[in-house]
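Undergrad: Next one to model:
(3 chains)
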Amino acid sequence: MSGPSNYQPKSALGRWVHERLPIVAFAQDHLMSFPTPKNLNYWYAFGGILAVMLVVQLITGIVLAMHYTAHVDMAFSSVEHIMRDVNYGWLLRYMHANGASMFFIAVYIHMFKGMYYGSYKAPREILWMIGVLIYLIMMATAFMGYVLPWGQMSFWGAKVITNLFSAIPFFGEAITTWLWGGFSVDNPTINRFYALHYLLPFVLAGLVGLHIWALHVPGNGNPTGINVKSSQDTVPFHPYYTMKDAFAIVVFMLLFAAFLFFAPNYLGHAVNYLPANPLVTPAHIVPEWYYLPFYAILRAIPDKLGGVVAMFGSILILFVLPWLDTSRVRSGTYRPIFKQFFWIFVLVCIGLGYLGSKPAEGLYVVFSRILTAYYFLHFIVILPLIGLLETPKPLPSSISDDVLAKKKPMVPAE
Amino acid sequence: MKKTLKTLIAATAGICILAGLALAAEGQKDAKGVSYSFEGPFGTFDKGQLQRGYKVYKEVCANCHSMDYVAFRNLAEQGGPGFNEEQVKALAATFTVRDGPDSAGEMFDRSGRPSDRFPAPFANPEAAAAANGGAVPPDLSLITKFRPGWFGTFNQLANGIGGPQYVYSVLTGYEEASEEIKKEMPEGKSYNPYFANGQFIAMAPPLVDGQVEFDDGSPNKIDDMARDVSAFLAWTAEPKMEERKSMGFMVMIYLAILAGLLYFVKKKIWHDQH
Amino acid sequence: MSTAVHADVNRRDFLFIATGAAAAVGAALTAWPFINQMNPDASVLAMASIEVDLAPLAEGQEITIKWRGNPVIVRHRTLKEIEAAKAVPMAELKDPVARSEVANDGDPATDENRTVKGHEQFLIMMGVCTHLGCVPQGDNPAKEFAVVEGSTKTGGWFCPCHGSHYDTAGRIRKGPAPENLLVPEYKYLSDTKIQIGA
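TA: Numbering: from 1, shown residues only, chains lettered A, B, ... in the order given. You can find the predicted model right below:
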């Protein structure tokens, strides 16, 4: 997308560096002058927000690792030590814990944005698939991080989730024993989870690099879904989108700060302030809110293996989404029928989340099954059919035409 | 923009619904709605109340309940009960702490120092269970954070989890059981509908009117003592609350100003495109 | 018209500068918790003083205790050692400054300034060589700057890492170390009990 760089080193030193490592030119091409469609709305700011949240989690995490002890006898008290004794330890830990939730809020909005605007369609399939991989690794990272404080929900969450693998035929038990390093979740488990929880975010950072690379090959999508046709359609990324994203990031930080300072434990579970006890299961085991829809799918299937397959299937199906959507029009804006099903799908996901938080009994199970069935139906049946049957609205001729059409007549500037 | 905002609010609300769906244990009665000085975004602890609560903990609760994560020095820290260093030294010295080994390899008892944590009344959970009819008295450092007094997504968002109210309600919630309930009641337990693990609690009613004499002459009915000690336990669970809220207030103002500035910067920059 | 444009440019510049300044101040303030978290925490600071009972320490005996993670040498010196220390002319010292927190800053490195008056027999100092931090050994094996008292104690200290010699008052006499061994802040709670640290 970006042509040969127009960066000209101004100083002798700049020239010397440029001939050996054209890093300034690279940064200028991709962070400054990168041509970006001029019609991106605020939903497109969540990519930037996510990058910031990843950095927040990395920095707070590295700092917390300086004080945390990964040992069954000391993990809980080392977290309390952070909360009580370490300078600003309470701030750093609450940032990290609430930051995880904020990360997921942003990633879900980012994903739904991609679904609505057809961001996964050709030529951006690999971009989308890297995104799904990032999401999967994020979930694994968050899960292992939640185990580290070694509270009751940490322990029982770890036990339940690792037991998912025991559903695998023949090798299930061997795999769980291997994951645990013992006969239950215990000291070897917390140690390896700690090591992986530290490692995976860097893998994520690398994948984010690939994600942006894959984005910069075809360039940004945009709300109209039509391709950039001329330089009239784009603006340089800086300062236009750096400043627009900066504004969105700070507004998002306001939400983050509201939770962090005034309801720091609201998004967590009270019972996780009770140290892990391998002999007593809490009355209700509920995962963190961001896993709830998948937890509902898991429990909707009355068969152990079936539940696990459905749960992983519900995420893995996203990998093939680019080929399930048969429409030739990218953006949901011009797809009247798709648009309605999109919002139904969003509600179904929220509904599954609600059901995931409820006990698996009575009507809750019935609704979980209905919504689970709909979830898969949406991808396998509804999406392919709409693409074939619906008549899209006429597309604007270009991005800049669309932008002009939406503007009110302007008072001529002085 | 407006539409975006609306959807954002809706999405946040949706997430809140998912987040706060904690479930009540069977049969737990919602805690009594007592209010405290430290509630709300600007609430702070009442130092006098925390000092009284400390006295109730020391004279009553500490006989059976540990408080592992709190050190005596914490009692003199900012945002706490506001004892001074000398007072903390004196009150630490009233506790006996096990230390050692000494040069002969023996463990020994000495009087507490500010840097010590509150000593546990029992050597280990097994000893605690043996001395208390099989039930281990829970550690109190974090009880107001791990025992919700009430449930419901929006209720908890607006009013917190009601941890201090839970402690207050259990302490004041002992009732004479009806004949029918009495039949189910195990030997040695008491009836308390506010208790989180079923309605029968192993702890006998711990407070009687006038039990703890307060230095400031404050009233010391069961109700007063329960209020004071539950406030004290709110502080032990979240000793940095005052610092957190005041910093939060500044951060929110700062972010709001920065967001405002960035909004106008963005508008200026986009001006030629509109 | 040109003034209008000019005013607009000024307003624009001011807005950008104000925003940039606000962001920079915020970033700087945000950095502080991340830096300060590495400083000693409240539990470490609370342990910053310890009490030592000197009563069991016989003349010529020495113990090493841990304070703030470092060894502190507590020696009950013999009369010979004290005399030897007092006899050293100031001009012979490599480091003429006391390096003692029980004396004033910059006081000369006399034996009196490195102990507490009335308790001269007890020498209390950090067992941290001022060269690169190893623990100097008592009973200086080289027997330089030491008191040879029959076959028993010799007094003086020797750092095995790089060969610094300290005399019976813990002053550097030979070798690469630049300063005398530091005497930490301590006070006598009673005749036989000291508190090291504030």
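Undergrad: Pull the number of nearby residues for the residue in chain C positioned nearest to chain A.
TA: Per Cβ to the nearest Cβ, C:Pro33 is where chain C lies closest to chain A, at 3.6 Å. Glycine gets a C-beta too; all of them are placed from N, C-alpha and C. Residues near C:Pro33, counting by other Cβ atoms under 10 Å in any protein chain shown, number 19.
Undergrad: For it, give its distance to A:Gly182.
TA: Distance, C:Pro33 to A:Gly182, using Cβ to Cβ, to the nearest Å: 37 Å.
Undergrad: go on, A:Met243?
TA: Distance from A:Met243 to A:Gly182, by Cβ to Cβ: 53 Å.
Undergrad: between the two, who's got more neighbours?
TA: Counting neighbours by other Cβ under 10 Å for A:Met243 and for A:Gly182 shows that A:Met243 has the greater number, 20 against 12.
Undergrad: Give the next helix or strand downstream of the helix or strand containing the more buried one.
TA: Using DSSP states H and E, A:Met243 falls within helix A:242-262. Downstream of helix A:242-262, the first helix or strand assigned by DSSP H and E is helix A:292-300.
Undergrad: Show me what the helix or strand just after that next one is in contact with.
TA: For helix A:292-300, the following helix or strand on the C-terminal side (DSSP H and E) is helix A:304-316. For helix A:304-316, the surrounding residues in contact (Cβ atoms under 8 Å, 6 or more residues apart in numbering or on different chains) are A:132, A:135-136, A:139, A:164-165, A:167-169, A:293-295, A:297-301, A:372, A:375-376.
Undergrad: 7 Å - rerun?
TA: With Cβ atoms under 7 Å, 6 or more residues apart in numbering or on different chains as the test, helix A:304-316 has contacts from A:Leu136, A:Leu164, A:Ala167, A:Pro169, A:Phe294, A:Ile297, A:Leu298, A:Arg299, A:Ile301, A:Thr372, A:Tyr375.
Undergrad: Those residues, buried ones only, as a PyMOL selection?
TA: Command for PyMOL, covering only those of the contacts of helix A:304-316 found buried under the criterion 16 or more other Cβ atoms under 10 Å in any protein chain shown:
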select buried, chain A and resi 164+167+294+297+298+299+301+372+375
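Undergrad: what would the contacts of helix A:304-316 look like in CSV with pLDDT and distance to chain B?
TA: Shown next, in CSV, are the contacts of helix A:304-316 (pLDDT from 0 to 100; distance: Cβ to the nearest Cβ, whole Å):
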residue, pLDDT, distance to chain B
A:Leu136, 97, 20
A:Leu164, 90, 21
A:Ala167, 90, 25
A:Pro169, 91, 33
A:Phe294, 96, 12
A:Ile297, 96, 14
A:Leu298, 94, 16
A:Arg299, 92, 15
A:Ile301, 93, 21
A:Thr372, 97, 16
A:Tyr375, 98, 16
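Undergrad: So which residues on the stretch 51-200 of chain B come close to chain C?
TA: B:Ala71, B:Arg73, B:Pro114, B:Ser115 (Cβ under 7 Å from any Cβ of the partner chain).
Undergrad: residues in contact with the second one?
TA: Just to be clear, that refers to B:Arg73. Applying Cβ under 7 Å, 6+ apart to B:Arg73 gives the contacts B:Val88, B:Pro114, B:Ser115, C:Ala46.
Undergrad: ok, now which ones touch the third one?
TA: With contacts defined as Cβ under 7 Å, 6+ apart, the neighbours of B:Ser115 are B:Ala71, B:Arg73, C:Ala46, C:Met47.
Undergrad: so does the longest helix along chain B get close to chain C?
TA: Identified as the longest helix of chain B according to DSSP state H is helix B:241-270. Yes. Residues of helix B:241-270 contacting chain C under Cβ under 7 Å from any Cβ: B:Tyr254, B:Ile257, B:Leu258, B:Leu261, B:Leu262, B:Phe264, B:Val265, B:Lys268.
Undergrad: so that helix versus helix A:242-262, what angle?
TA: With axes from the mean of the first three to the mean of the last three Cα atoms, to 10 degrees defining the directions, helix B:241-270 sits at 170 degrees from helix A:242-262.
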